[in-house]
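*Asks:* Any chance you can model this:
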Amino acid sequence: MKKRSLIRAGALVGAVASISVLIPTTALAATPALASAAPAAAPDEPGPRLQRACLRIPNVEIRTTNLIARLEGDATVRGSLAWLQTQIDRANANGRAELATVLENRLAVRTQTLEVLKQRQGELARLRQFCIDHGVSL
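*Replies:* Numbering: from 1, shown residues only. Next up is the predicted model:
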């Protein structure tokens, strides 16, 4: 599990969520000073920023699903919570208390990460529907 991919996925969710509260592009066209700066999209067409953000959703969904599958895997899946617990048990059995402590801390972080990923998965489904409702085909 890569920290960068989690950060990027979180940034995407935040970016798409913030786009949903932005002023519609038709309102910008009504302002003369801003109308020349950005071309207004037709009322039924999504703006280019919304379209770009929405087109990233399927990839983020795939990455999120893969990370959840890995974390929820059994003891044979390297990086899963069960695999990490097996490593903790092995370290304790071999008398390596420091290693066991480090692994327990890692297990706590990954458990929290799993919760965040599950919340993100629900949010991505909501954002996918938002994009579809606003005319972006995914």
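
*Asks:* mind checking the SS state of R106?
*Replies:* helix (DSSP: H, G, I helix; E, B strand; the rest coil).

*Asks:* Let me see the contact set for the closest residue in space to it that isn't next to it in sequence.
*Replies:* Nearest non-adjacent residue to R106, counting by Cβ to Cβ, 6 or more residues apart in numbering: L84, 6.3 Å away. Bear in mind the C-beta positions are built from the backbone N, C-alpha and C, glycine included. Shown in contact with L84 (Cβ atoms under 8 Å, 6 or more residues apart in numbering): L103, R106, L107, R110.

*Asks:* could you measure L84 against L71, distance?
*Replies:* Per Cβ to Cβ, to the nearest Å, L84 is found 9 Å from L71.

*Asks:* which neighbours do those two share?
*Replies:* Common contacts of L84 and L71 (Cβ under 8 Å, 6+ apart): R110.

*Asks:* Ignoring the adjacent residues along the chain, who's closest to L117?
*Replies:* Excluding the flanking residues, the one nearest L117 by Cβ to Cβ, 6+ apart is I68, at 5.1 Å.

*Asks:* give the contact list for that neighbour.
*Replies:* Counting by Cβ under 8 Å, 6+ apart, I68 touches L114, L117, K118, Q121.

*Asks:* Over to L99?
*Replies:* L99 neighbours (Cβ under 8 Å, 6+ apart): A91.

*Asks:* Using the three-state scheme, assign it.
*Replies:* Judged by three-state DSSP, the three-state class of L99 is helix.

*Asks:* count of neighbours near R128?
*Replies:* Neighbourhood size, R128 [other Cβ atoms under 10 Å]: 18.

*Asks:* got the buried residues for the helix or strand harbouring it?
*Replies:* R128 belongs to helix 97-133 when assigned by DSSP states H and E. Within helix 97-133, the residues that qualify as buried are 100, 103-104, 110, 113-114, 117, 120, 124, 127-128, 130-131, counting by 16 or more other Cβ atoms under 10 Å.
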